[in-house]
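> Provided below are the primary sequence and the corresponding predicted coordinates.
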Amino acid sequence: MLAIRKYEETDWERLQAIHDAARRNELALAGLEAAFLPLAEAAEREGLFDYQVAVAELDGEAAGFAAYSEEELAWLYVDPAMGRRGVGRALGRYVLERMGRPAAVEVLRGNEPALALYRSLGFREKETVTGRMPGNEAFTVTVRCLTLEDQPPE
């Protein structure tokens, strides 16, 4: 069973494990393995808790999380061991129901699985931008900027 709820402080340890495993995969797809920062450091540098944070539970265990504002889906990570079970899609739908429009998300170049997920949720590519990695400015990144103008498809 899949359920989504608001973050609780007791989720912190599990979210670190989810982020750290999934972020390594994400950075590998972009050829940026050396840019990895553990969640304990990235959360502070990138302001994780400046956003609303939602946690997805699969059969009672935290399987993923998303952080979002009114206009931006800033974080969405799923435990790689729990992938391909609809967790990312469910988190995406959950946050999009709570966000305004237009909604924005950025995807690292090379992260085709994330790009496919966001496109399936109705996001469309607006532009590609190259710049410094937020929270780890020593690295240059290229991101695909996507927007969602309307409600996501059913």
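Ah, there it is. Numbers count the residues shown, from 1 in each chain.
> Would you agree Thr128 is in contact with Thr142?
Yes - between Thr128 and Thr142 a contact is recorded at 6.2 Å, counting by CB atoms under 8 Å. The C-beta positions use only the backbone N, C-alpha and C, and glycine is treated the same way.
> now the strands for the protein?
Using DSSP state E, the strands found in the chain span residues 2-6, 52-58, 61-68, 73-78, 103-108, 124-133, 136-148.
> Save those strands as TSV, and put in mean pLDDT, mean neighbour count and distance to Ala22 too.
What follows is the strands of the chain, written out as TSV (pLDDT from 0 to 100; neighbours: other CB atoms under 10 Å; distance: least, CB to CB, whole Å):
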stretch	mean pLDDT	mean neighbour count	distance to Ala22
strand 2-6	98	13	17
strand 52-58	98	20	12
strand 61-68	98	23	8
strand 73-78	98	24	4
strand 103-108	98	22	12
strand 124-133	97	12	16
strand 136-148	97	16	16
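> Common neighbours of Thr128 and Thr142, please.
Shared contacts of Thr128 and Thr142 (CB atoms under 8 Å, 6 or more residues apart in numbering): Arg109.
> ok, now which ones touch Ala43?
Here Ala43 is in contact with Phe49 (criterion: CB under 8 Å, 6+ apart).
> how about a cut-off of 10 Å?
Trp12, Leu15, Gln16, His19, Leu37, Phe49, Asp50, Val53, Ala67, Trp75, Gly135 (CB atoms under 10 Å, 6 or more residues apart in numbering).
> okay, now the first one: neighbour count?
When you say that, I think you mean Trp12. 12 (other CB atoms under 10 Å).
> Could you number the chain from 13 rather than 1 from now on?
That works, and once the first residue is 13, the last one we named lands at Trp24.
> from what I can see Arg144 touches Ala150, true?
Yes - assessed by CB atoms under 10 Å, Arg144 is found in contact with Ala150 at 8.1 Å.
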